[in-house]
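Q: Fold the following for me, if possible:
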Amino acid sequence: MKNFECLATGLNVTPLLQAINQTPELWREITLRQEYPGSAHHDTETIVLRGPRSFTREDYFFDFGAFNYPAAITLDHLITPLMWPVLQALEVKELGRMFVVKLKSHGVIELHIDEGDYADHYSRFHICLQSENATLTVRNETQHFAPGEAWWLDHKARHYGNNDSEVPRIHIIFDAVSPLYPMKDLLEAHAQHQAIKQALNMGNVFKQ
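A: Next up, the predicted model:
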């Protein structure tokens, strides 16, 4: 199974990054994502552009809803020209949630799998706005996303992030239904992979 795939390079992320740096209060509007008990994202700050109906466990993990938040209106004149070519290339049928996420200098995103009905419905994509030596690791593969690059990654596999630099890593993270990255195929591949692992484990038990 693939862990990552680069979708685009050379995207002009500078205007959006400058606007975010000029409005630092946006990071403080909603802090529940990083403060939620057990969150893997405690070293991050988040600007919610499109989010759940509410940040209850039920809505966050099990409702498919994605609703525009005030920050989306504030930044729309910069988000739309950046995102539109990517969404068109992905042939997006349904746009899910969208966050701008900052991972602090020398911060980590803890090992986790995105769980729940929502995560099973949408594919996951990143656009890098700023990064020097930050990486994401999915299974045993580690990848650096450079500024201006858009990526798909397998959020249904165990993954974690590191920022081994003095500069915060800033990504747009968005979810979408795309015929090019169908979740049905991904979930089936995971189920087959899990079945093979279980069969091999059973074989090891019988050999003992």
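Q: And residue 48, which helix or strand is it part of?
A: Element membership for residue 48 (DSSP states H and E) is strand 44-51.
Q: What strands line up against that strand, and which way round?
A: According to DSSP bridges, strand 44-51 has the following sheet partners: strand 67-68 (antiparallel), strand 94-103 (antiparallel).
Q: Just name the most buried of these.
A: Mean neighbour count (mean count of other Cβ atoms under 10 Å) peaks for strand 94-103 among the strands paired with strand 44-51, with a mean of 21. Bear in mind the C-beta positions are built from the backbone N, C-alpha and C, glycine included.
Q: and after that one, which helix or strand comes next?
A: Remark: after strand 94-103, the chain's next helix or strand is strand 108-112, criterion DSSP H and E.
Q: For the residue nearest to the spatial centre of the chain, which non-adjacent residue is closest in space?
A: Of all residues in the chain, the one closest to the mean position by Cα atoms, centre = their mean is residue 173, 4.2 Å from it. Ranked by Cβ to Cβ, 6 or more residues apart in numbering and with sequence neighbours excluded, the top spatial neighbour of residue 173 is residue 99, at 5.0 Å.
Q: OK, contacts around residue 114?
A: By Cβ atoms under 8 Å, 6 or more residues apart in numbering, the residues touching residue 114 are 124, 155, 156.
Q: should've said residue 91
A: With Cβ under 8 Å, 6+ apart, residue 91 has these contacts: 178, 179, 180.
Q: which residues touch the second one?
A: I take that to be residue 179. Residue 179 makes contacts with 91, 93, as judged by Cβ under 8 Å, 6+ apart.
Q: so the residue nearest to the centre of the chain sits in a strand?
A: Yes. With DSSP: H, G, I helix; E, B strand; the rest coil as the criterion, residue 173 is located in a strand.
Q: Look at it and report its pLDDT.
A: Reading off the confidence values, residue 173 has pLDDT 98.
Q: Could you do the one 5 residues further on as well?
A: Listed pLDDT for residue 178 reads 98.
Q: Can you give me the neighbour number for the nearest residue to it once chain neighbours are set aside?
A: Nearest in space to residue 178, with sequence neighbours left out and distances taken as Cβ to Cβ, 6+ apart, is residue 90 at 4.3 Å. As a burial measure, residue 90 scores 22 neighbours (other Cβ atoms under 10 Å).
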